[in-house]
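# Sharing a sequence plus its predicted fold:
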Number of protein chains: 2
Amino acid sequence: MYTRAEENYLKCIFHLEQEQKGAIATNAIAQMMNTKASSATDMIQRLADKELVAYRRYKGTSLTKEGVAVAVAVVRKHRLWEVFLVEKLNFQWDEVHEIAEQLEHIQSEELITRLDKFLDHPDYDPHGDPIPDKDGNIKKTEKKVLSDMSKNQQGILVGVRETSGEFLQYLDKRKIAIGSKIKVLGIEFFDGSMIIQVKEEQFFISKKIAENLYIQVLHKNQ
Amino acid sequence: MYTRAEENYLKCIFHLEQEQKGAIATNAIAQMMNTKASSATDMIQRLADKELVAYRRYKGTSLTKEGVAVAVAVVRKHRLWEVFLVEKLNFQWDEVHEIAEQLEHIQSEELITRLDKFLDHPDYDPHGDPIPDKDGNIKKTEKKVLSDMSKNQQGILVGVRETSGEFLQYLDKRKIAIGSKIKVLGIEFFDGSMIIQVKEEQFFISKKIAENLYIQVLHKNQ
DNA sequence: AACTTATTTTAGTTGAGACTAAAAATAGAA
DNA sequence: TTCTATTTTTAGTCTCAACTAAAATAAGTT
Ligand SMILES: [Mn+2]
Ligand SMILES: [Mn+2]
Ligand SMILES: [Mn+2]
Ligand SMILES: [Mn+2]
């Protein structure tokens, strides 16, 4: 078994590897972990001793096979608990992350197996992120960020990048949710802002918002 | 917020206070916590600094009002989670304690409020122990241990003292469960063993078993 | 009361995981 | 290439929660 801190660092490195290719900088890890670079170095070295990461000083860090396995297991637990909180306890999707940050560290294979079954083997969490299966396989949907779409394209909102309460509440207020059909009506080239259509309503959204919405593009006949 | 270790010590002291009156000996705490007396002293002194316990060196420890409140909140969480594990995830009653030991430390008022509602505000956990309400009130039933009952008395099994897997499986094997009606058919004065009747069947049980079964005594007409 | 034993506390270490400050390495600019 | 700014690592310190060994206190026995 690994400690809570070890699990959190592994998960952090895993998420960073999803976004960038190549070794992860110590500073990036420290920043995401809300800690100092020296603390990150410290932990990275411990993880390297345990062969959970490959680490070359000054060069960066990457997860080993075992490191990935541990990280994915934690992500699986996190997302399953988020589903539980929303589906069974009726939390809003912006309220569950902090609690799942705690629940993801509960150690019991059997618990997760049964929770997964109780939830009817969900494929996605409330934010549209895929839930790894028991063997660590992650169903990856080819999605693009809304800001990369062009005029008149349309698609389904399948996920969000940001998960802060403020952002999710911003979406709620506009009734934009996972599964919403979104059409790009116009793009302002100067600042990347957009006019989009969701159901009957049209919204102006900044580039910053558009960069945090994952869309599965629909083609003509869909 | 208190640390996991602090919560565990407070809960431990709480349970000891339920069984004995007066200040709790350091050794008793150390023993229940599976640690050394010196470690217990250390933590007790920290708890005393935070005014969670009243402590007089060499004399013993007792919980303050605040200490009781923290302990009861942890017990509430522990028992609610046990109900969840048994009622919703279909665990056996002997499998849930270890997992609940972890879940009881999850920090979220809202989570417990919603879990309680989801479970339909249960009064007792799977082992027959009362679940404190949100304000810390514990419904105490006057129960006695089976070994204190006399011949021909009968009652309902309302709780177990031991919660080890071996003991609970022993009961399962004999189909003795919370709610079972038990009648004392005979007592052997030499060793305190008993012959009891449960439904249609009769069992011989040792004094040790009888001391770990809590019974609500039924009178003549019940 | 004095001696012996059991309990409890103190003193000193350890490891995990954080921190600050200083040193070392790397990358970018001149 | 050499200087400078940035990144990263090392060294040393801190707190929490455990440990062992030794000292202090309490309890029990003769
Ligand atoms: Mn989350
Ligand atoms: Mn999520
Ligand atoms: Mn329990
Ligand atoms: Mn219980």
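Nice, I can see it. Source: prediction; values computed, not measured. Ligands and ions are numbered 1, 2, ... in the order given.
# ok, so what distance separates the residue in chain A that DNA strand D sits nearest to from A:A40?
Using CB to the nearest atom of the strand, the single residue of chain A nearest to DNA strand D is A:N27, 2.6 Å away. For every residue, glycine as well, the C-beta is placed using N, CA and C. Shown here: A:N27 relative to A:A40, a distance of 8 Å by CB to CB, to the nearest Å.
# One more: A:A210?
Shown here: A:A210 relative to A:A40, a distance of 31 Å by CB to CB.
# same deal with A:V158?
To A:A40, A:V158 is 32 Å away according to CB to CB.
# Repeat that for A:H105.
Taking CB to CB as the measure, A:H105 falls 19 Å from A:A40.
# Those two: which has the busier surroundings?
A:A40 (23 against 18; other CB atoms under 10 Å in any protein chain shown).
# There's contact between that one and A:M33 in this structure, I believe.
Yes. Contact criterion CB atoms under 8 Å: A:A40 and A:M33 qualify, at 6.4 Å.
# Need the residues touching each of those two.
By CB atoms under 8 Å, 6 or more residues apart in numbering or on different chains, A:A40 and A:M33 have these common neighbours: A:Y9.
# And for the nearest residue to A:S164 once chain neighbours are set aside, the neighbour number?
Excluding the flanking residues, the one nearest A:S164 by CB to CB, 6 or more residues apart in numbering or on different chains is A:D94, at 7.8 Å. By other CB under 10 Å, 19 other residues sit near A:D94.
# A:D94 and A:Y170 touch, don't they?
No. A:D94 is beyond contact range of A:Y170, at 9.6 Å (criterion: CB under 8 Å).
# Spell out which parts of chain A neighbour DNA strand D.
A:25-28, A:37-38, A:40-42, A:44-45, A:55, A:57-58, A:60 (CB under 7 Å from any atom of the strand).
# Give me the subset of these lying in strands.
Judged by DSSP state E, the residues of chain A next to DNA strand D include A:55, A:60 as members of strands.
# For ChimeraX, what selects the buried ones among the residues of chain A next to DNA strand D?
The ChimeraX command for the buried members of these (criterion: 16 or more other CB atoms under 10 Å in any protein chain shown) is given here:
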select /A:25,26,28,40,41,44,55,60
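# do the lengthiest helix in chain A and DNA strand C meet?
For chain A, the longest helix by residue count, based on DSSP state H, is helix A:65-83. No. Helix A:65-83 lies out of reach of DNA strand C by CB under 7 Å from any atom of the strand, never closer than 13.2 Å.
# Centre of the chain to that helix, how far?
Per CA atoms, centre = their mean, to the nearest Å, the displacement of helix A:65-83 from the mean C-alpha position of its chain is 11 Å.
# next one: stretch A:71-91
12 Å.
# returning to that earlier point: separation between the residue nearest to A:S164 and A:I176?
For A:D94 relative to A:I176 (CB to CB), the value is 13 Å.
# for chain A, which spans come out with low pLDDT?
Scanning chain A for pLDDT under 70 picks out A:220-222.
# Which parts of chain A belong to which domain?
Structural domains annotated on chain A: A:4-63, A:143-218, as defined by automatic domain parsing.
# Quick check: which of the ones you listed is nearest to B:V86?
Of all these, it is domain A:4-63 that lies closest to B:V86, at 26.4 Å by CB to CB.
# mind listing the strands for chain A?
Per DSSP E, chain A carries strands over the ranges A:53-56, A:60-63, A:144-145, A:154-160, A:181-187, A:194-198, A:201-205, A:213-218.
# Could I get the CA-only coordinates of the first one as PDB?
Below are the C-alpha coordinates for strand A:53-56, written out as PDB (Å, rounded to 0.1, in the frame of the first residue of the first chain):
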ATOM      1  CA  VAL A  53       8.600   6.900 -11.400                       C
ATOM      2  CA  ALA A  54      11.600   7.200 -13.600                       C
ATOM      3  CA  TYR A  55      13.500  10.300 -12.600                       C
ATOM      4  CA  ARG A  56      16.700  12.000 -13.900                       C
END
